[in-house]
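Peer 1: Sequence and predicted structure below; questions after.
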Amino acid sequence: MSLFSALSVSASGMTAERARAELLVENIANADTTRTAEGGPYRRRDVVFQSEAVGSPFSSLLAGSMEGPPQGVAVSQIVVDTSEPDRRYMPGHPDADKDGYVAYPKVNPAEDMVDLLGASRSYQANVSAISATKDMIQRSIDLLKA
């Protein structure tokens, strides 16, 4: 794998983790949303990753020596939780049903915060990989100058 392909792989990981972090933040922000435009409470969302071939403008030079294109990561789909919402007895709430129960989203903010920390660490690992690759490219250029 070329150094430029390594940059593309890390960039795809950063893009995927950013999408994951955005959905986790949306879940946390809507943890108490009982009414949405679609009707009913907010539905928790999560991303599904899949491997994806990533290209680099410089990879065509090495295409003959590589076994296959480098594999990065991409968001394949966004999954919406279809389970029954939590029901809480709150008869004075404007969204209460005839029995006084309000449907709340099945969002656990503590769990989503832990997932958000994981996404942040994965993003930072990709930033570190890009930084290390950039340093290797710079050292290669410096060696060629000499």
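Peer 2: Structure's in. What do you need?
Peer 1: tell me the centre residue of this protein?
Peer 2: Nearest to the geometric centre of the chain sits Arg20, at 2.1 Å (CA atoms, centre = their mean).
Peer 1: can I assume that residue sits in a strand?
Peer 2: No. Looking at Arg20 with DSSP: H, G, I helix; E, B strand; the rest coil, it is helix, so not inside a strand.
Peer 1: Just list the residues touching it, thanks.
Peer 2: By CB atoms under 8 Å, 6 or more residues apart in numbering, Arg20 lies in contact with Val47, Phe49, Val75, Asp115, Ala119. Placement of C-beta: from N, CA and C, glycine included.
Peer 1: Scan these and report the most crowded one.
Peer 2: Ala119 (21 neighbours; other CB atoms under 10 Å).
Peer 1: For Asp142, see how far away that residue is.
Peer 2: Separation of Ala119 from Asp142 (CB to CB, to the nearest Å): 35 Å.
Peer 1: in which helix or strand would I find Ala31?
Peer 2: Using DSSP states H and E, Ala31 falls within no helix or strand.
Peer 1: pLDDT wise, what is the closest residue to it other than its chain neighbours at?
Peer 2: Among residues not flanking Ala31 along the chain, Val107 sits closest, at 4.3 Å (CB to CB, 6 or more residues apart in numbering). Model confidence at Val107, given as pLDDT, is 94.
Peer 1: where do the strands sit along this protein?
Peer 2: 45-53, 71-80, 86-89, 101-104 (DSSP state E).
Peer 1: Pipe these into CSV and attach mean pLDDT and distance to Ser128 per row.
Peer 2: Converted to CSV, these look like this (pLDDT from 0 to 100; distance: least, CB to CB, whole Å):
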stretch, mean pLDDT, distance to Ser128
strand 45-53, 92, 19
strand 71-80, 92, 16
strand 86-89, 95, 39
strand 101-104, 96, 39
